[in-house]
Every structure is written in structure tokens, then in C-alpha cells.
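I'd like to go over a predicted model; first the sequence, then the structure.
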Amino acid sequence: MSERFPYLKDDSVVEVQRGPEPGGAGGAYRAFGETLRGLKTTMARLIEGPMTIQYPEEKTPVYPRFRGRHKLHKFDDSGLEKCVGCSLCAAACPADCIRVVAAENIPGDRVSAGERYAAVYEINLSRCIFCGYCEIACPFDAITMGHDYEMADYDREDLIFTKEMLLAEPLERSPLKAEGE
Amino acid sequence: MIPLADTQFVEATWIMIAKSIVIFAVIFGIVPVMTVVERKLIGRFQHRYGPNRVGPFGMLQPLADLFKLISKEGFRPANAIPMLYVLGPLLPVLSAVMALAIIPWGDVQGGVGLYGIDVPIAILYFFAVGSLAFYGVLLGGWASGSKYSLLGAMRGAAQLISYEVAMGLALLGAIIMGGSLSLVDIVHAQGALWFVVPQFVGFLIFMLAGFAETNRTPFDMPEADAELVQGFMTEYGGMRFGSFLMVEYLEIIVVSGVASAIFLGGWMGPGPSFLDPIWMLIKIFTLVFLFIWVRATLPRLRYDQLMSLGWKVLLPLATLNVLVTAVLVVVT
């Protein structure tokens, strides 16, 4: 370095390692070798086989913590709704897509386990950003993020999910990723 | 005396017509299968499936493509030259089909030669007819009245002269060893040893030039879909465009057929003699697979790189190959 660049006081300049010059007989030989290496690489891909997931027939498995479409829950034993209509989810929602109208439970015809219940519970999925804050804000674990990700529809109105739709089991379950996948 | 093809061997006219119809039908049946097999194979080379929606395993894909191309409007640019524009896609089809005639599928069996015709100048014929295809490219590209087409056509012309000499010289070694220009005689001369072993350099050069002849990657400069938007085909649509595509596949079959006849022992293989055409087909498909494999692997060469490859590497190598072969043939 110092003999080629005598004006350089220190070794702060690094010489770049360059490959051999292209062209000539050596270049042609190297190009031939590299071509064979490339052919080997593509042949290995052929042997490995396709990695495509044939989507409509075959669905991408999701992780257990995947944040898909919301679900509302009921108690398993009593069948009462967990949601008490506190509107904390609506307050936490950054996209402002949840609408809750609460009503008092009538004794003898209880809907929820608490004092009040959600008379109207709507999530506008065309606004939802799937952040999961509603799930965190809920004091009773009444709303959780499910695994469904197929929510395309023809109409904006159809994307406003009512309480009945959110309480119902999804028609088709999304596959879960296996352990360690 | 130079052994020429047997000029005394005469076949009835109806046999010739029947043979040409059979060859035509079989090859034109293979071409659509080749298109879908190529797309599926390239998909596999890239970790995907390729077409698998139309029909079982996507085997009806070429039919769908054909219907789409046929049903399209026969559009012609306003500043194109009408007759030459139409002639452009026709000439390559003609030349590719003509070249099919000389590919030998087997020897004379039961008084019928299993080839289109055994001309004594088969290799000259192959080069003459093969170069004719480039007139189609040139005319089509020039008559389209578009800059991209013209550039593609000019590239095609320049590419033609830079590999065709090396291609001819590459075959010369095999011709010297076979002692004939007839493909049938050359296949007969390979009874002991396929020419791919002693003429390996010639085989390599011929295949490289074959990639250029058929406008396949890495030498698809006239098409160059990335920079010239399909080059000489830019202004074509519908079945005119389709026939350019068809010619590409026909030429692959022709080049593979000539290469397997000259270097890979033609129809020779174990088993009874009626299997000869099958062996020829297997050898052709092996080479077709090579074409597809290379297409899935190599990027397009830069324009000057093809020139320097053709003139500085292939031509001297081919000349050296011919000289060494000639000396060895004379000495032994």
C-alpha cells in the first residue's frame, strides 16, 4: 500500500479485492465453469419440488397468536355472554371501528353475566386495522382475535359484523401452524 | 469416391405424401405439448407449479392459448408495409417445416425410409433452410414500422452472421468423420461410437449456436422482452404472433433432431428396429430438456458479449476442431 500510494500516511485506505479480468481464454473457461454451476443450482431447485401453497384449495397455516377476525365469547357452563357492554374496547380502538350500545340485564332473562350487556355490538371490519387493542382492553376476555383471514366481500355494508356474527363459530377454520413450524 | 445418399432408392409418391403428413402431424402435435411442458418445467425450476388450472395437470393450457390467439383481432399498424408484414411470420414457419424433412427417424424398413427425405446434401439444406427463417425475422421487424421491431430485426441479423459460421464449422468435424453430408449416412457411421465423444467440442459449439439459431436464452437478443418488448414481434398480435412462437418450438425440435442425428447416434439404441423412432424422440426430448434447463438458468447475454463469444471463442475453437479432426482422420 505505502509504496503504491506514498502520500498516504496511514493504512486507512483499504484496497478492494477484485476478481480476475473478464475476457480471454481464462475468462471463457471461468464463464463455462460458472454456467455449469448455475445449471447445477437450478437442477437442485427442480429436485426440491414446488413450494407454492395452492391457496384456495390449500390455506396458509397461521400462528396461534395470529390476529384475524374478532370473536365474541360466551361462558361454557351458563351460556351467558362474557361481554358486559363496558365499551372499553371501543375506547381503545385506534381506528374507531367498534360500536357498543349497552342495556340493563332484566332478571330472569339474563344475556350477560354482568349488570349490563351489549344490546348492539358492531365491528366495522373495513376500518379495523387488526391491532388487537380491543382484546387487551377487555376486562372479561369477551373479545379475542380469531384466526380467520378470509374476509373479502362485495359490499361495504356486509363488512360490518354484528354481535350474532361475531358470536357464531366461523364456517371454516383456518389451519394452525404445527409446533416448531 | 464420396459415398452419397442412395440416389437409386425410390419410393412411391403416395408413400412420400403419407410420410410427410405423418411427420407434420406428429411434430405439430408435439409443439403444443412442448409449450406446456416448458412452462411447467420452468415453474419447477423456480419452486412453483406452472400452469395447472386448465384441464388435468394444466394439459389443456395450449388449447386455451390457441383459442385466445386465434380469436384475437388481426391488427396491423398504419405505417406497416402490408405484404411484408404478413409474410414475416409465414417464412419462418415454412423454413422450420421444410427443415423437418431431413431429420432421420430410422433406417429403411420394409421398403419405407423412416425419414422425410434422404437428401445427399442434408446439412447444406439444413443451413440454407435455417437461414431462411431469419428473412422472416428481418422482414417482419422491418415491415412493422416500429423502432423496437427494427432494432430486434437488426440484432437478429447481426447475431446470425456471428454464430452461423461457427455452427457450420462445428458440424464439419462430424462430416469429415462420417464422410457424407447425408444425415442417414452420418448416423450409420456412428455404429461403433457416437460422434459426441470424439467431437465433443463440435457438439458444444453446435448446441451453443443452436441456442442462438432458435433465439433462446441466453441468446434471445432479437426478442429481448425486457429491453425491446419482444423485438421483431412487438407489432404482431393474434395468430401471427402465435406463429412466431410456434416457429421457436419447431426450430428447437429441428436443431435437437439434427444434433441428435449428427452427434448422439440418431435412431440407434437397444431393442428391435421398430423402436428406432422412439429412440430418436427420446434423444430429441433430452436435448429439448437441455434447452428448457438453460432457459431457466442463464440470463440474456449483453449484445457485444454474444459478438465476442461468436467471433473470438467459438469460431477459433471450431476451426481448431476441424483442423485436428481432419489431420487425425487422414493419419488414421
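Right, received. Where do you want to start?

most residues in a single strand of chain A, which one?
Using DSSP state E, we find that the single longest strand of chain A is strand A:116-124.

got the CA positions of the lowest-mean-pLDDT helix or strand in chain B in CSV?
Ranked by mean pLDDT, DSSP states H and E, the helix or strand of chain B with the weakest confidence is strand B:112-115, at a mean of 75. Backbone C-alpha positions of strand B:112-115 (Å, rounded to 0.1, in the frame of the first residue of the first chain) are rendered in CSV as follows:
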residue,chain,number,x,y,z
VAL,B,112,-40.0,-47.3,-46.5
GLY,B,113,-37.4,-44.9,-45.3
LEU,B,114,-38.3,-43.6,-41.9
TYR,B,115,-37.4,-40.0,-42.8
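
Buried residues in it, which are they?
B:113, B:114, B:115 (16 or more other C-beta atoms under 10 Å in any protein chain shown). All C-beta spots, glycine's among them, are computed from the backbone N, C-alpha and C.

picking up where we left off before, show me which residues of the longest strand of chain A are buried.
A:117, A:118, A:121, A:122, A:123, A:124.

Turn these into JSON lines, including distance to chain B and pLDDT.
Below are those laid out as JSON lines (distance: C-beta to the nearest C-beta, whole Å; pLDDT from 0 to 100):
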{"residue": "A:117", "distance to chain B": "49", "pLDDT": "87"}
{"residue": "A:118", "distance to chain B": "45", "pLDDT": "87"}
{"residue": "A:121", "distance to chain B": "41", "pLDDT": "90"}
{"residue": "A:122", "distance to chain B": "39", "pLDDT": "91"}
{"residue": "A:123", "distance to chain B": "35", "pLDDT": "91"}
{"residue": "A:124", "distance to chain B": "35", "pLDDT": "91"}
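
Which pair of these spans the longest distance?
A:117 and A:124 (20.7 Å; C-beta to C-beta).

just to revisit the earlier point, and the longest strand of chain A, how far out from the chain middle?
Relative to its chain's centre, strand A:116-124 lies at 25 Å (C-alpha atoms, centre = their mean, to the nearest Å).

could you point out which element follows that strand?
helix A:133-137 (DSSP states H and E).

which residues sit in contact with the residue in the stretch 51-200 of chain B that chain A sits nearest to?
Per C-beta to the nearest C-beta, residue B:52 is where the stretch 51-200 of chain B lies closest to chain A, at 8.2 Å. Contacts for residue B:52 (C-beta atoms under 8 Å, 6 or more residues apart in numbering or on different chains) come out as B:40, B:58.

and it, that's in a helix?
No: membership of residue B:52 in a helix is not supported by DSSP: H, G, I helix; E, B strand; the rest coil, which gives coil.

Now stretch B:84-95: buried residues?
Buried residues in stretch B:84-95 (16+ other C-beta under 10 Å): B:84, B:85, B:86, B:87, B:88, B:89, B:91, B:92, B:93, B:94, B:95.

Stretch A:51-68 too?
A:62, A:66, A:67, A:68.

And the third one, how far from residue A:148?
This means residue A:67. Applying C-beta to C-beta, to the nearest Å, the value for residue A:67 to residue A:148 is 11 Å.

What pairs with the longest strand anywhere in chain B, parallel or antiparallel?
Across chain B, the longest stretch assigned as strand under DSSP E is strand B:104-109. Partners of strand B:104-109 in the sheet, by DSSP bridges, are strand B:112-115 (antiparallel).

same for the longest helix along chain A, what does it pack against?
If you go by DSSP state H, chain A has its longest helix at helix A:24-48. The criterion is 3 or more C-beta pairs under 8 Å, 6 or more residues apart in numbering or on different chains; DSSP states H and E, and the helices and strands that helix A:24-48 contacts are helix B:13-45, helix B:276-297.

Take those and write them to TSV, including mean pLDDT, distance to chain A and mean neighbour count.
Output for these, formatted as TSV (pLDDT from 0 to 100; distance: least, C-beta to the nearest C-beta, whole Å; neighbours: other C-beta atoms under 10 Å in any protein chain shown):
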stretch	mean pLDDT	distance to chain A	mean neighbour count
helix B:13-45	87	5	16
helix B:276-297	89	4	19
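
can I get those in a markdown table with distance to residue B:224?
Below are the helices and strands packed on helix A:24-48 laid out as a markdown table (distance: least, C-beta to C-beta, whole Å):
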| stretch | distance to residue B:224 |
| --- | --- |
| helix B:13-45 | 18 |
| helix B:276-297 | 14 |
